[in-house]
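S.K.: Predicted coordinates and the sequence they were generated for:
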Amino acid sequence: MVLINELVSNAVKGDKLATSKLISLIETDPEVVKDLADLIWPKLPRAHIVGVTGAGGVGKSSLISALVDEITNNNSAAVLAIDPSSPISGGALLGDRVRMYGIRHTDKVFIRSMSTASEEALPLKALLSIEVLDALGYDYVIIETPGIGQFNVGISQFADTVVLVLMPGAGDEIQALKAGIMEVGDIYVVNKSDHPNAELTFNQVLFALSDVSTDGWVPRVLKTSATRRVGIKELVDAVNEHRKYLVDTNKIVVKWELRRSFELNLTVKYKIMSRLNEMLAKDLKTKNILNSLMKGRLNPISAADEIIKLMFKSN
Ligand SMILES: Nc1nc2c(ncn2[C@@H]2O[C@H](COP(=O)(O)OP(=O)(O)OP(=O)(O)O)[C@@H](O)[C@H]2O)c(=O)[nH]1
Ligand SMILES: [Mg+2]
């Protein structure tokens, strides 16, 4: 607890190593949030959460670094890159990433990557980290998630604004857009606009979206070149316009509710699974139930009912 107190007071002052250590603690054991909560939580969300998604290699990371450079002219930003393939996670990459992307206002930027199991698109630890970054006072929290065709991560369940990134020649994605099976973005970006096919793809996206029904917000379609830093200011303007729209229509409250219900859902699952594993390791009655299931004396549903009964009895 002393450690946490110290980390929080340093993180609040802008110490990025302390912030990174707090996130590492959450990665190791989400229960640490209980201690954190007394210090910096709970409260109404304040940061604007931007989810940036798109297929591999479209330029999400490059676009985020350009975006962060623009945003941090006036505000602070934290970036959380969810990386399903990387076995490396965390603090070690912090400095490297900032350097790698050539971000300018480094004092106002926090960057962190987080590895996940591939089937676990947005893990609890990521959601809790978003809350911590918000509580620490970052104005924008930007999440990079991979999104491939219809296999999306449910980004709209936690992001206030969804930026969907495409690149020239993204035929499959445009088909998916037309068919309505791709995750819906608030802003569509055709990145790599320095490529010859960009204009064609841009027009195809506009066309594909022309009969997508909206409830008040008309999705923006933009062209950017992350590497040449073209169209970045327009992208930041579109994000801010969307935020203003959410605030003006009070839809921001619905976003907060969605995010916090998603959080609750993942937390309850996490706690029940932890409890189950603990019971399977230590509790004789639980082991007997598993044994009966294996021998065919119990079916899985009745076995689960028995386990749940035990779970609530022993609490
Ligand atoms: N020509 C051009 N290349 C770009 C642009 N944006 C990104 N790239 C290049 O595209 C490649 C992939 O960029 P990233 O930013 O790593 O793409 P990503 O979507 O984050 O990739 P993953 O995280 O691996 O899915 C890199 O070689 C970038 O330099 C752009 O606007 N124009
Ligand atoms: Mg990336």
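M.R.: Cool, got the structure. Residues are numbered from 1 along each chain as shown. Ligands and ions are numbered 1, 2, ... in the order given.
S.K.: Next up, the contacts around residue 208.
M.R.: Neighbouring residues of residue 208 by CB atoms under 8 Å, 6 or more residues apart in numbering: 174, 177-178. Placement of C-beta: from N, CA and C, glycine included.
S.K.: shouldn't residue 292 be in contact with residue 300?
M.R.: No. The criterion here is CB atoms under 8 Å, and residue 292 misses it with residue 300 at 10.9 Å.
S.K.: Using CSV, list the CA coordinates for stretch 192-205.
M.R.: C-alpha atoms of stretch 192-205 as CSV (Å, rounded to 0.1, in the frame of the first residue of the first chain):
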residue,chain,number,x,y,z
LYS,A,192,-1.5,6.5,-47.0
SER,A,193,-3.1,9.1,-49.1
ASP,A,194,0.3,9.6,-50.8
HIS,A,195,-0.4,6.3,-52.6
PRO,A,196,-1.9,6.5,-56.1
ASN,A,197,-5.1,4.5,-55.3
ALA,A,198,-6.0,6.6,-52.3
GLU,A,199,-8.6,8.8,-54.2
LEU,A,200,-10.4,5.7,-55.5
THR,A,201,-10.5,4.0,-52.1
PHE,A,202,-11.7,7.3,-50.6
ASN,A,203,-14.6,7.5,-53.1
GLN,A,204,-15.4,3.8,-52.5
VAL,A,205,-15.7,4.4,-48.8
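S.K.: Not counting its own residues, what contacts that stretch?
M.R.: Under CB under 8 Å, 6+ apart, the answer for stretch 192-205 is 58-59, 166-170, 174, 177, 188, 190, 221, 223-228, 230-231.
S.K.: So what's the gap between it and the chain middle?
M.R.: Put simply, stretch 192-205 sits 27 Å off its chain's centre (CA atoms, centre = their mean, to the nearest Å).
S.K.: Which one of the contacts of residue 208 is nearest to residue 144?
M.R.: Of all those, residue 144 sits closest to residue 177, with 20.2 Å by CB to CB.
S.K.: ok, the contacts of residue 208 vs residue 40, which is closest?
M.R.: Using CB to CB, those come closest to residue 40 at residue 177, 39.5 Å.
S.K.: Which residue lies closest in space to the closest one, excluding its sequence neighbours?
M.R.: Distances taken as CB to CB, 6 or more residues apart in numbering put residue 208 closest to residue 177, at 4.3 Å, once the chain neighbours are dropped.
S.K.: After the strand or helix carrying that neighbour, heading C-terminal, what element do we hit next?
M.R.: Taking DSSP states H and E as the criterion, residue 208 maps to helix 198-209. Downstream of helix 198-209, the first helix or strand assigned by DSSP H and E is strand 220-223.
S.K.: outside of that following strand, which residues touch it?
M.R.: So strand 220-223 is in contact with 186-190, 193, 198-199, 202, 205-206, 209, 230-231, 234-235, 238, 241-242, going by CB under 8 Å, 6+ apart.
S.K.: let's see it at 7 Å
M.R.: With contacts defined as CB atoms under 7 Å, 6 or more residues apart in numbering, strand 220-223 is touched by 187-190, 193, 198, 202, 205-206, 209, 231, 234-235, 238.
S.K.: And the strands in the stretch 151-300 of the chain?
M.R.: With DSSP state E, counting those that start in this stretch, the ranges of strands along the stretch 151-300 of the chain come out as 161-166, 187-190, 220-223.
S.K.: Ligand 1 is nearest to which of these?
M.R.: strand 161-166 (6.6 Å; CB to the nearest ligand atom).
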